[in-house]
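1. Structure for this input, please:
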Amino acid sequence: MAGFGDYSAYNRPFGLDPNRETNDLYDTRYQQIYGYHTPLTEEYQGPPLVMDDPPEEESNTYVTTAISVASLVTENLLSHPFIVLRRQCQVHNSLRNYHIVPYTLLPVVVRLHRRQDFTTLWKGIGSTCIIKGLNLAVEDVISKGTGWPKEIGKCGSVLQFLQHLTLKCISVAIVTPFYSASLVETVQSDIASDKPAIFDVFREGFVRILEWGTPSRGRMLPIWAIVLPTVGLGISKYFAHMLLKSVTVRILRFQQRHKHELHDSYSSNYSKNSQNPLIEDINLKANIFSFITMEILFYPVETIIHRLHIQGTRTIIDNLDTGTSVTPILTGYEGFIDCYNTTIAKEGVGGLYKGFGALILQLAAHLAIIKLTTFIVSEMSNLLKPASPTNSEDSAHSQQKYLFN
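-> Sure thing, here's the model as predicted:
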């Protein structure tokens, strides 16, 4: 038509697009998030109920990926000094200062660094990473050998779900003796013990397995008496984590649907095969929230389990009452119930939360690193965008719709 140029790229409302295949009756793009269909035969009712920003999709994907990597590195590496502190508090039954709040730990940490070198809070990090890798390897071998699903998302029936839980239980049971050896390396004092070699965790783990029924060292519990409570803690924590994550994802999706139903418009450039950054962002936030909640809820049980693992190992730890001395761990628990009753009777309920201040510092550092990563990657993405008159407004909108900003 004269005066109007090429109008072939005109974006018609979604339901009126003549180029769309007639046999495609539903817009499956929205079904992916909210589980409902949009029939093409219906009259166009306005903008779709999801965030649609294809020009920013690649940028948002970068931010989500950066957050995932930062969270993974923080959880497995950067949080290790806080794990060392909290475990030393947990296994110290005669600790007078419970360190339930973070500020009581700060002067102790300063004195520890003055008396020992900087690596005092990084002890055992090698064996800790080995245990996590060993657990993944055991799960993979069992899954390939039995055909049981390794991931809960692949469970299509109740039987497969039970097989998945059984796989988790077996893998935790197999790794438990090596976890005991790793725990000792994490809490023992550097100035009162020889530094272990990188593969000593395997030697000590096999020794615990060979002494299955009658340990050669005084008050050490047989490994079978530790396996059951350790597996119970591991599977309960895992199941509760997945359940809370699922509920959190549903809540966040429901909130996002109503938040954006009147603000976003459809774009014909959207690819149905591309991943939606909003879904990844929601899943990531739900995962981090579930992780934090589980660490808090299961902290008392973890305290008891760690005391059972460390008993009879002749471990000498740093005295976190002073930060300048060491102390041996001398306990005589007969099992999980006896450890719980003895702790409540002699130390009170607070005895189950010794070192909780270190957990608070760990979680605060975790969230701070995620926030910092989000800010840096978002700003770098905005700087790399082509200049446009509305760039500042788009940047502000992008910052508002991110879950971690």
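
2. Low-confidence regions, this structure specifically.
-> Across the chain, the ranges flagged by pLDDT under 70 are 1-60, 212-217, 260-277, 385-405.

3. Can you check which helix is longest in it?
-> In the chain, with assignment by DSSP state H, the single longest helix is helix 223-260.

4. Now that helix: buried residues?
-> By neighbour count on 16 or more other C-beta atoms under 10 Å, the buried set for helix 223-260 is 223, 225-227, 229-231, 233-234, 237-238, 241, 244-245, 248-249, 252-253, 256-257, 260. (C-beta placed from N, C-alpha, C; glycine too.)

5. what do you get for stretch 129-145?
-> So, applying 16+ other C-beta under 10 Å, buried residues of stretch 129-145: 130, 131, 134, 135, 138, 139, 142, 143.

6. And for stretch 315-335?
-> Neighbour-count burial for stretch 315-335 flags 315, 316, 317, 318, 319, 320, 322, 323, 327, 329, 331, 333 (criterion: 16+ other C-beta under 10 Å).

7. which two from those end up farthest apart in space?
-> The span of the buried residues of stretch 315-335, defined through C-beta to C-beta, is set by 323 and 333 at 26.7 Å.

8. What distance do you get for residue 73 to residue 155?
-> Taking C-beta to C-beta, to the nearest Å as the measure, residue 73 falls 29 Å from residue 155.

9. So between those two, which is more surrounded?
-> Legend: neighbour count by other C-beta atoms under 10 Å for residue 73 and residue 155, higher for residue 155 (16 against 13).

10. Give me the neighbour count for the nearest residue in space to the more buried one that is not next to it in sequence.
-> Counting by C-beta to C-beta, 6 or more residues apart in numbering, residue 155 lies nearest to residue 161, which is 4.4 Å off, once chain neighbours are set aside. Other residues lying near residue 161 total 13 when counted by other C-beta under 10 Å.

11. Could you give me the buried positions within the helix or strand harbouring residue 161?
-> Element membership of residue 161 [criterion: DSSP states H and E] is helix 158-187. Going by neighbour count (16+ other C-beta under 10 Å), the buried part of helix 158-187 is 163-165, 167-187.

12. What helices and strands are in contact with the longest helix of the chain?
-> If contacts are counted by 3 or more C-beta pairs under 8 Å, 6 or more residues apart in numbering; DSSP states H and E, helix 223-260 sits against helix 28-34, helix 158-187, helix 277-297, helix 299-310.

13. how far does it sit from the chain's center?
-> 10 Å (C-alpha atoms, centre = their mean, to the nearest Å).

14. Could you check the angle it makes with helix 277-297?
-> Using axes from the mean of the first three to the mean of the last three C-alpha atoms, to 10 degrees, the inter-axis angle of helix 223-260 relative to helix 277-297 is 140 degrees.

15. Check the separation of the first and last residues in stretch 309-324.
-> 25 Å (C-alpha to C-alpha, to the nearest Å).

16. Hmm, I typed the wrong one, I wanted stretch 309-316.
-> One end of stretch 309-316 sits 14 Å from the other (C-alpha to C-alpha).

17. Can you show me the helices along the protein?
-> Under the criterion DSSP H, the chain contains helices at 28-34, 54-73, 80-91, 105-115, 125-146, 158-187, 200-210, 223-260, 277-297, 299-310, 336-347, 356-384, 391-401.

18. Pull the residues that contact the fifth one.
-> The one in question is helix 125-146. For helix 125-146, the external contacting residues (C-beta atoms under 8 Å, 6 or more residues apart in numbering) are 76-77, 80, 83, 148-150, 163, 167-168, 170-172, 174-175, 178-179, 181-182, 185-186, 196, 198, 200-202.

19. and what of the third one?
-> With C-beta under 8 Å, 6+ apart as the contact definition, helix 80-91 has outside contacts at 95, 98-99, 105, 109, 121-125, 128, 183, 186-187, 302-303, 306-307, 310, 315, 317-318, 320, 329, 354-356, 358-359, 361-362, 365.

20. do that again at 7 Å, thanks
-> Helix 80-91 has contacts (C-beta atoms under 7 Å, 6 or more residues apart in numbering) with 95, 99, 105, 121-125, 128, 183, 186-187, 303, 306-307, 310, 317-318, 320, 329, 354-355, 358-359, 361-362, 365.
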